[in-house]
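Colleague: Based on what follows, work out the 3D shape:
(one chain, ligands or ions: 1)
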Amino acid sequence: MADLRTSFAGLELKNPLIVSSSGLTNSAAKNKKWEEAGAAAVVLKSVFEEQILLHAGQMENYGHTEGDDYMVQYVRNHQLNETISLIRDTKEQCSIPVIASINCHSDSEWGEYAALFEQAGADALEINILSLRTARDYQAGSFQQMHVNVLKQVIKDIKIPVVVKLGSNLTAPVAMADRLSAHGAAGIVLFNRFYQPDIDIEKLEYTSGNVFSSPADLYNGLRWTAILSSKLPNFPVALSGGVHDGDAMVKALLAGASAVQVCSAIYQQGPDVITKMLDRVAAWQESKGFASLAAYRGRMNASAVGGEELFERTQFMRYYSSKAE
Ligand SMILES: Cc1cc2nc3c(=O)[nH]c(=O)nc-3n(C[C@H](O)[C@H](O)[C@H](O)COP(=O)(O)O)c2cc1C
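Modeller: Residues are numbered from 1 along each chain as shown. Predicted coordinates for the structure are as follows:
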């Protein structure tokens, strides 16, 4: 059997396939199923700050006008208890690392919750700051600063590794990653997937666009993985987005990813896709004569192929010159 071992953010993994945070990972029974199919780790369904505030707001509308803070606290505790049970149950049933996840868009009291997740047995924590900035008076750089503030809040009382999952809307992911690394993040996940609004032109209504990614969604993550792994070689990257088969996994690893996170492909194809993807990576690795994953990880990152230019202007020019012929 090919040696697919890797490490990501201080976690020793039997292979690079992590099931990413979603409804796929909201029960211990499901997590057990992914483990049996071969997954090396799971990121649990996130606790959503947005949801907590929304629920608290709804309760307020039902007449609980006094003690708003109490309501927010009540809903928060309820959601936190659910996550704590999920961590405990998954740790009981699975032997792979379990990564808890917080989805937040403000720098509130996440530190307290991070400590509870650590106590419940989480092996690592992923913080996910997916948010759009639409204010006219937005101050350049404040969104990036919020990432750092949230990380500082979360990290201060815990010892487990903390990973930051970025949205793809940041101007300069390398500078962001550098700051996060300097403030103690153990790794980075590129990228989260935004809700995609679409318009039904018959009903004149907004609808949800594709919930799931397609294989073509791989390329942006691939580009930034190749650049980041060359600029910050000691800051591990997990690529998330558009990893639908073993070939995409190989590409992510060659670009320098330490791991991949997979979601849509599992929703669409079930647990077997995990096994198929791992078999494909193993077969490819053997066919190329690589004794281990470490022998080729990052072999095609930006510095290995002559610098970032390839990921910027050159490819663009080449494409158009070949089309013009
Ligand atoms: C139905 C669904 C639910 C998701 N829920 C979460 C979540 O709770 N927290 C999170 O960080 N990401 C969530 N995501 C994003 C995924 O973890 C993943 O980053 C994204 O879908 C890109 O990976 P993919 O191309 O393999 O789907 C969700 C994605 C989908 C499709």
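Colleague: Okay, the residue nearest to Ala2 when sequence neighbours are not counted and Leu204: tell me how far apart.
Modeller: Using CB to CB, 6 or more residues apart in numbering and skipping residues adjacent in sequence, the residue nearest Ala2 is Ala282, 3.8 Å away. Using the backbone N, CA and C atoms, a C-beta is placed for each residue, glycine as well. Computed as CB to CB, to the nearest Å, the Ala282 to Leu204 distance reads 51 Å.
Colleague: what do you get for Ser131?
Modeller: With CB to CB as the criterion, Ser131 and Leu204 are 28 Å apart.
Colleague: Which of Ala282 and Leu204 has more residues huddled nearby?
Modeller: A direct count of neighbours by other CB atoms under 10 Å for Ala282 and Leu204 places Ala282 higher, at 17 against 7.
Colleague: Could you measure from the more buried one over to Gly38?
Modeller: Distance, Ala282 to Gly38, by CB to CB: 10 Å.
Colleague: go on, Val281?
Modeller: According to CB to CB, Val281 and Gly38 sit 10 Å apart.
Colleague: Need the residues touching each of these two.
Modeller: Common contacts of Val281 and Gly38 (CB atoms under 8 Å, 6 or more residues apart in numbering): Asn15.
Colleague: Out of these two, name the residue with the larger neighbour count.
Modeller: Val281 (25 against 19).
Colleague: ok, that one - contacts?
Modeller: By CB under 8 Å, 6+ apart, the contact list for Val281 reads Ala2, Leu4, Asn15, Pro16, Gly246, Met249, Val250, Leu253.
Colleague: which non-adjacent residue is nearest Glu12?
Modeller: Distance criterion CB to CB, 6+ apart; nearest residue to Glu12, sequence neighbours excluded, is Arg5 at 7.3 Å.
Colleague: likewise Leu166?
Modeller: Leu166 sits nearest to Phe191 (CB to CB, 6+ apart), 5.6 Å away.
Colleague: Now do the same contact list for that neighbour.
Modeller: So Phe191 contacts Lys165, Leu166, Gly167, Ser168, Asn220, Gly221, Trp224, Ser240, Gly241 (CB under 8 Å, 6+ apart).
Colleague: Does anything pack onto the helix ranked longest in the chain? Which helices or strands?
Modeller: When the chain is parsed with DSSP state H, its longest helix is helix 68-93. Contacting helix 68-93 under the criterion 3 or more CB pairs under 8 Å, 6 or more residues apart in numbering; DSSP states H and E are the following elements: helix 28-37, strand 47-48, helix 49-61, strand 98-103, helix 110-120.
Colleague: three-state assignment of Val154?
Modeller: Under DSSP: H, G, I helix; E, B strand; the rest coil, Val154 falls in the helix class.
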